[in-house]
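1. following is a predicted model, sequence given first.
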There are 2 protein chains.
Amino acid sequence: LRNETEIIERIWQALPTRPRKKSGDWLQLGVGDDAAVIRAANRDGAADGDWVLSTDAFLERVHFLTEVHSPADIGYKALARATSDLAAMGAVPKFFLLSMALPPDRTGAWLDGFLKGMSQAAREFGMMLIGGDTSRFRSAAINVTVGGQAVSDKGGRVHILTRSGARPGDLIYVSGTLGAAQLGLEVILHGLDGKARGPKIPRGGTWKRLLQPHLRPRIQIALGRWLAGENAPRRPIATAAIDSSDGLSTDLNHICQASGVGARIWASKIPAVRVPQGLRRRGFGLDPLQLALHGGEDYQLLFTVPPATSRGLPKQIRGVRLTQIGEIVRFSARSKKNAFCVELVGDEGGARPLQARGWDSFANQA
Amino acid sequence: LRNETEIIERIWQALPTRPRKKSGDWLQLGVGDDAAVIRAANRDGAADGDWVLSTDAFLERVHFLTEVHSPADIGYKALARATSDLAAMGAVPKFFLLSMALPPDRTGAWLDGFLKGMSQAAREFGMMLIGGDTSRFRSAAINVTVGGQAVSDKGGRVHILTRSGARPGDLIYVSGTLGAAQLGLEVILHGLDGKARGPKIPRGGTWKRLLQPHLRPRIQIALGRWLAGENAPRRPIATAAIDSSDGLSTDLNHICQASGVGARIWASKIPAVRVPQGLRRRGFGLDPLQLALHGGEDYQLLFTVPPATSRGLPKQIRGVRLTQIGEIVRFSARSKKNAFCVELVGDEGGARPLQARGWDSFANQA
């Protein structure tokens, strides 16, 4: 049985993908990044006209549970997580196409709730529905294809943030807090809402704060645009970027693989979620560093900047904190072989390879 | 419980859709047609640069049965049916994004077969994979988002075939044969492969010819481009077009609703599939006219042309037969109220309203 990486590689190998790019080609960026980029035909070097496209499935019992998640939260998140891929490219979200496969008993009140949440997300992100498909199905299976416009700098040059631009010497940054979405999910999965054994979290302010990052993730559209150099004098701020959807260990690995570099990060620098004392002691595995390293769905931006840019980088942008967590290094042959291109420096100063242990839909198959 | 039309209307009502189109707007065509059309920003009146986008789900036990359909046939058809929406707009297929939700045991040989069929379709249509998503899921749920380029005439003017351009007096045409895909499906569903009671169809040439339109539909890309006026002196050949995916009665109804017109078609003129004698007599409901009127998945083009154009229309285009089946008429208030905007003239000359009885995923709910 194949894992997710193997499945994706098989798909790319079996289907026609990006050929060598020709001058005037409509395809600017094909498979392998957060999104693809297409350009109007015969408009090589055009200052606008680049569209950024991505598609994302959101599936019952895989990504959400209808007995746990409200229809409105599911609708909001279905659009948010797809649109996060546009944020990671520094694009301005514009439209989406919505495929809804639903059991018949989900086409009434449940659908209305779902659409309410999705509509809220669409208005927040400035997006419009331009197409879709509906079918009955035994489970709810939602697919969202999103499109956005690439930003341009003051000189009219179009910039896209890819995974492949990181260079040795660049500094690694992450926005916001890592592990918060995973913590919210664990709170739900462990039944810490007072119904099950274990520490109780009273429903109320604390409860809400713990669940919010999981239920209603904030996606980083404004930060992405800024990092891509929108209205900047010359070039993007970031050399590479990705959204932290699968977990830091996996997402940083994607940047390293795509850029052909290694990375070294410091455990002490990672802005890990604060875990309430009660939850840390009860053996739920709710260690802040582990949540931050391998927990998915934070939808923060993980990006790299050259040293010169790093010196002038603000501590926060548009209300979002930026934290330097490490540096891009050369990729040694040994680490290449072992496929551990990320090193974690622990509190005691020792470095060890960091395995990508984030979200893999096909991992741990029965 | 809502039917498909009601669900779609609810979605359009609840989510932000096309606002009033402004000059220079990137959105050329929003929800409600076979596909959406986006234009590069700030390129009002550009001669190229329009992208046509559509999304389509292909679901296990709804659209295909893994115990009946080979993985390669499923892969071919998943891309073909999505791309047919581009053909109906007269666009040139260019790319697709593929979402694959699969049970773990379908990620090996089954996936390889699926990709083989899909790759064949992609090469046939001239399309490239530019993005996608993979997840494990309890059923196979495939979603394909396709993109194509709008064609332009000799003067560089871009033309898109929509559902909304039919005018009273226009003649109604259809390509190829109708009901053939439904006949193939019925042959499979009734177990006429020699395993069940009833008439037997020996496996071989006849068998293959009966199943082919269902298993490997031919989509009408070249015809669509021609109808859209590619390289034509001035304007498109067709005033409106749609692909016959849900069945003639339903698809013609879509053109009428979108164009605000009525339609009158003659039963005797419809190019219905030929049903072998044995199958007609056994009470399987395999009546050629019924198959042609309500059978789905033929992926032929149903289109309208003005009378002047009609007089010079060839009998076939690029190997595909064109048949005039009726005419567009004014839409009377009475038929509006009853939502039967299509009239069928029978062999005896009497006209009766034709109910849209084609494919509705949510019809006949338990």
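-> Here it is on my side, so go on.

2. for A:Q277, give me its contacts.
-> A:Q277 makes no contacts at all, as judged by CB atoms under 8 Å, 6 or more residues apart in numbering or on different chains. Just so you know, the C-beta spots here come from the backbone N, C-alpha and C atoms, and that holds for glycine as well.

3. A:L223: which element?
-> Taking DSSP states H and E as the definition, A:L223 sits inside helix A:221-227.

4. buried residues, that helix. List them.
-> A:I221, A:L223, A:G224, A:R225, A:W226, A:L227 (16 or more other CB atoms under 10 Å in any protein chain shown).

5. chain neighbours aside, what residue packs nearest to A:I188?
-> A:V68 (5.8 Å; CB to CB, 6 or more residues apart in numbering or on different chains).

6. thinking the one you found is in contact with A:L185, fair?
-> No. Using CB atoms under 8 Å, A:V68 makes no contact with A:L185, being 9.6 Å away.

7. those two: who's more crowded?
-> A:L185 (19 against 13; other CB atoms under 10 Å in any protein chain shown).

8. now A:S175, which residues is it bridged with?
-> For A:S175, the beta-bridge partners are A:L322 (DSSP bridges).

9. for it, give me its contacts.
-> A:S175 neighbours (CB under 8 Å, 6+ apart): A:Q220, A:L223, A:Q300, A:L301, A:I317, A:V320, A:R321, A:L322, A:T323.

10. all strands of the stretch 251-366 of chain A, in order?
-> Listed in chain order, the strands of the stretch 251-366 of chain A (DSSP state E, counting those that start in this stretch) span A:262-266, A:301-305, A:316-317, A:320-329, A:342-345, A:351-353.

11. and the ones you listed, which is most packed in?
-> Scoring the strands of the stretch 251-366 of chain A by mean neighbour count under mean count of other CB atoms under 10 Å in any protein chain shown gives strand A:301-305 as the most buried, with a mean of 28.

12. hmm, back to that, kindly reformat the strands of the stretch 251-366 of chain A as CSV containing distance to A:L102.
-> Listed next are the strands of the stretch 251-366 of chain A as CSV, based on distance: least, CB to CB, whole Å:
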stretch, distance to A:L102
strand A:262-266, 42
strand A:301-305, 32
strand A:316-317, 39
strand A:320-329, 35
strand A:342-345, 40
strand A:351-353, 44
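
13. the ones you listed: which one's closest to B:D73?
-> With CB to CB as the measure, strand A:301-305 is the member of the strands of the stretch 251-366 of chain A nearest B:D73 (41.3 Å).

14. need the helix or strand of chain A with the lowest average pLDDT.
-> The helix or strand of chain A with the lowest confidence, counting by mean pLDDT, DSSP states H and E, is helix A:333-338 at a mean of 54.

15. just give the number of residues close to A:L1.
-> 11.

16. for it, what are its contacts?
-> A:F362, A:Q365, B:P104, B:D105, B:T107, B:G108.

17. closest to chain B among the buried residues of helix A:221-227?
-> Closest to chain B out of the buried residues of helix A:221-227 is A:R225 (14.6 Å), distances taken as CB to the nearest CB.

18. do you know how far the closest one is from A:A267?
-> Note on A:R225: its distance to A:A267, by CB to CB, to the nearest Å, is 31 Å.

19. got it, and A:G176?
-> 18 Å.

20. cool, and A:A180?
-> 17 Å.

21. more crowded one of those two?
-> Under the neighbour definition other CB under 10 Å, A:A180 and A:A267 were set side by side, and A:A180 has more, 28 against 17.

22. so the more buried one sits against A:V273, correct?
-> Yes. Between A:A180 and A:V273 there is a contact at 4.3 Å, judged by CB under 8 Å.

23. joint contacts of the two?
-> Counting by CB under 8 Å, 6+ apart, the residues touching both A:A180 and A:V273 are A:P213, A:L291, A:G295.

24. in the stretch 101-250 of chain A, what residue spans correspond to strands?
-> Going by DSSP E, counting those that start in this stretch, the stretch 101-250 of chain A shows strands at A:128-136, A:141-149, A:151-152, A:158-159, A:171-175, A:240-243.

25. got the angle for the fifth one vs strand A:262-266?
-> Think strand A:171-175. Using axes from the mean of the first three to the mean of the last three CA atoms, to 10 degrees, the direction of strand A:171-175 lies 60 degrees away from that of strand A:262-266.

26. pull the distance from strand A:171-175 to the chain's centre.
-> 14 Å (CA atoms, centre = their mean, to the nearest Å).

27. so that strand versus strand A:320-329, what angle?
-> On the basis of the same axes, to 10 degrees, strand A:171-175 is oriented at 150 degrees to strand A:320-329.

28. so what's the residue in the stretch 201-350 of chain A positioned nearest to chain B up against?
-> The minimum distance from the stretch 201-350 of chain A to chain B, using CB to the nearest CB, falls at A:S245 (11.0 Å). Residues near A:S245 by CB under 8 Å, 6+ apart: A:R81, A:S84, A:D85, A:D251, A:G296, A:E297, A:D298, A:Y299, A:W359.

29. can you get me a residue count around the nearest residue to the fifth one once chain neighbours are set aside?
-> Spatial nearest neighbour of A:G296, excluding adjacent residues (CB to CB, 6+ apart): A:W359 at 4.1 Å. As a burial measure, A:W359 scores 18 neighbours (other CB under 10 Å).

30. name the nearest residue to the residue of the stretch 151-300 of chain A found nearest chain B, ignoring sequence neighbours.
-> Closest contact between the stretch 151-300 of chain A and chain B, by CB to the nearest CB, is at A:S152 (9.7 Å). The shortest distance from A:S152 to any residue other than its chain neighbours is 4.9 Å, reached at A:V158 (CB to CB, 6+ apart).

31. what is the rounded mean pLDDT of stretch A:215-234?
-> In this model, stretch A:215-234 has an average pLDDT of 95.

32. which stretches of chain A have low pLDDT?
-> For chain A, applying pLDDT under 70 flags the ranges A:19-24, A:41-48, A:191-203, A:281-285, A:332-339, A:364-366.

33. nearest to B:E60, out of the strands of the stretch 251-366 of chain A?
-> Smallest distance to B:E60 across those (CB to CB): 35.5 Å, for strand A:301-305.

34. just checking: what are the partner strands of the closest one?
-> Short version: by DSSP bridges, strand A:301-305 pairs with strand A:171-175 (antiparallel), strand A:240-243 (antiparallel).

35. pick the most buried one from those strands.
-> strand A:240-243 (a mean of 28).

36. so which residues make contact with it?
-> For strand A:240-243, using CB under 8 Å, 6+ apart, the contacting residues are A:34, A:84-85, A:87-90, A:161-166, A:170, A:219-220, A:224, A:227, A:251-252, A:254-255, A:258-259, A:299-304.

37. filter the residues you listed down to the ones in helices?
-> Under the assignment DSSP state H, the contacts of strand A:240-243 contribute A:S84, A:D85, A:A87, A:A88, A:G224, A:L227, A:D251, A:L252, A:H254, A:I255, A:A258, A:S259 to helices.
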